[in-house]
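Undergrad: Sequence below, structure please.
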Amino acid sequence: MDADAPTDALDRDDAAARREAERARRDREKADRAAQKEAERARRDAERAARQAEKDEREARRAAERHERERLRLEAERAKDDEQRRREREREAAESAREAARALREAEQAERAAALARRRAAREAEKARRQAERADPPLAAPPDLADLPPDVAVLWRRPAPGRRGPRPGLSLEQIADAGIALADAEGLDAVSMARLAESLGFTTMSLYRYVTSKDEVLMLMADRAAGQVPRVGPEVGGWRERLELLLELQRPVLAAHPWLARTTSTLFAVGPNRLAWMDAILACFEDTGLTEPEKLAVTGVLSSHQLDWARLLDAYATRQRTAGDGGGEDPDAVIARLVDPATHPALARAVAGGALDPEAAPAGGDGSGLDFGTRVILDGIAALVARHEQDDARA
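TA: Next up, the predicted model:
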């Protein structure tokens, strides 16, 4: 019995080992089956992901194709719209060019007609002026001469009777003419009582018998230089044609005597010639419907602008004559060089648009005919006249 005991123990151990081996085998088989299932599930997931990716790729491709088709369609529409707009701009530009050409032809025709009318009117005015100068009726002194300021009263003083003898007396006209000759030749600063007396062949003290001060001389010079106003009646045309002719006749006077724009005596020299010019300009507005204060106001605006125009031309001419090295550069050119688009955007646009180009200057800006400012003032007066006509029509 003791001999069989080891054998039984071995058998039990073998049985236990076999059971353990069988359990391990089942565990391996179970693990293999689980791994197979997991691998199968992973394979199916991979196939499903591949199918989804392929589907997504197809969708993305179709979306890209749709986007490309839409882009091409929009580009085609934009190109079509751009082409249509281009044709419309070309058509509008061609139409504008035709309108501009037509307007230019009409303006040229109107300008030629106006120039012809101005020349005809100027001839008539010159003829009337010569007739008036031949007649040269004496001007009566105002009844309240004694109450006038002395430098104005001298303009209305009656001519003194001529003095007999080897050395005749002076007339106020001679004194004024001598002063005008000095101012025209050497400038207003050259006019002094001593220089006047010397040019007339008199002593300074003897000159004071006729005028009491240089201010009186300047008054006489201003009124004398203005000259007699020509007759400009309705035969010249409407109010604007008559006014333009009078203003154009004033331009040579201001150009010949630039000192008129420098002295304030011009403002106060209410002499016979000055009043005659004022009356002639006021007469242009007789049938316009303007009120009397408006007529006098626009007359003052026009007169002030004419002096400003003459003062500007004289300043430019003086600068050109007296400028040193580099000092004679055109002020417009200086402005063009100094303008900075960052700090002067409006000026920069004006320069880029040719505003400072002499060839692009508005009509009359070169010193010939009526300047642009005068025409703008006349346009404003025309608008005021038209407003009165509308008010009268409504009334």
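
Undergrad: Which other helices and strands does the helix or strand containing Ala34 contact?
TA: When elements are assigned from DSSP states H and E, Ala34 belongs to helix 5-135. Using 3 or more Cβ pairs under 8 Å, 6 or more residues apart in numbering; DSSP states H and E, the elements in contact with helix 5-135 are helix 239-256. Every residue, glycine included, has its C-beta placed from N, CA and C.

Undergrad: got the CA positions of the helix it packs on in PDB?
TA: Output of helix 239-256 as PDB, limited to C-alpha atoms (Å, rounded to 0.1, in the frame of the first residue of the first chain):
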ATOM      1  CA  TRP A 239     -27.900 145.400 -69.400                       C
ATOM      2  CA  ARG A 240     -25.100 142.800 -69.400                       C
ATOM      3  CA  GLU A 241     -23.800 143.700 -72.800                       C
ATOM      4  CA  ARG A 242     -23.700 147.400 -71.900                       C
ATOM      5  CA  LEU A 243     -22.100 146.700 -68.600                       C
ATOM      6  CA  GLU A 244     -19.400 144.400 -70.100                       C
ATOM      7  CA  LEU A 245     -18.600 147.100 -72.600                       C
ATOM      8  CA  LEU A 246     -18.100 149.700 -69.900                       C
ATOM      9  CA  LEU A 247     -16.000 147.400 -67.900                       C
ATOM     10  CA  GLU A 248     -13.800 146.500 -70.900                       C
ATOM     11  CA  LEU A 249     -13.400 150.200 -71.600                       C
ATOM     12  CA  GLN A 250     -12.100 150.700 -68.000                       C
ATOM     13  CA  ARG A 251      -9.500 148.000 -68.400                       C
ATOM     14  CA  PRO A 252      -7.100 149.900 -70.600                       C
ATOM     15  CA  VAL A 253      -7.300 152.900 -68.200                       C
ATOM     16  CA  LEU A 254      -6.400 150.700 -65.200                       C
ATOM     17  CA  ALA A 255      -3.600 149.000 -67.200                       C
ATOM     18  CA  ALA A 256      -2.200 152.300 -68.300                       C
END
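
Undergrad: buried sites along that helix?
TA: By neighbour count on 16 or more other Cβ atoms under 10 Å, the buried set for helix 239-256 is 239, 241-251, 254.

Undergrad: And stretch 273-283, by the same measure?
TA: Neighbour counts over stretch 273-283 (16+ other Cβ under 10 Å) mark Asn273, Arg274, Leu275, Ala276, Trp277, Met278, Ala280, Ile281, Ala283 as buried.

Undergrad: Go ahead and measure how far the helix holding Ala34 is from the middle of the chain.
TA: Between the centre of helix 5-135 and the centre of its chain there are 46 Å (Cα atoms, centre = their mean, to the nearest Å).

Undergrad: can you start the count at 36 instead of 1 from here on
TA: Sounds good: first residue 36 from here, last item helix 40-170.

Undergrad: what's the angle from that helix to helix 274-291?
TA: Angle, helix 40-170 to helix 274-291, by axes from the mean of the first three to the mean of the last three Cα atoms, to 10 degrees: 80 degrees.

Undergrad: next helix or strand past helix 40-170?
TA: Next helix or strand after helix 40-170 toward the C-terminus (DSSP H and E): helix 185-188.

Undergrad: same question for that next one, mean pLDDT?
TA: Averaged across helix 185-188, pLDDT comes to 70.

Undergrad: Kindly report the same for stretch 350-366.
TA: Mean pLDDT, stretch 350-366: 65.

Undergrad: Would you mind measuring from the residue nearest the centre of the chain to Asp365?
TA: Nearest residue to the geometric centre of the chain (Cα atoms, centre = their mean): Ala390, 7.1 Å. Distance of Ala390 to Asp365, computed by Cβ to Cβ, to the nearest Å: 14 Å.
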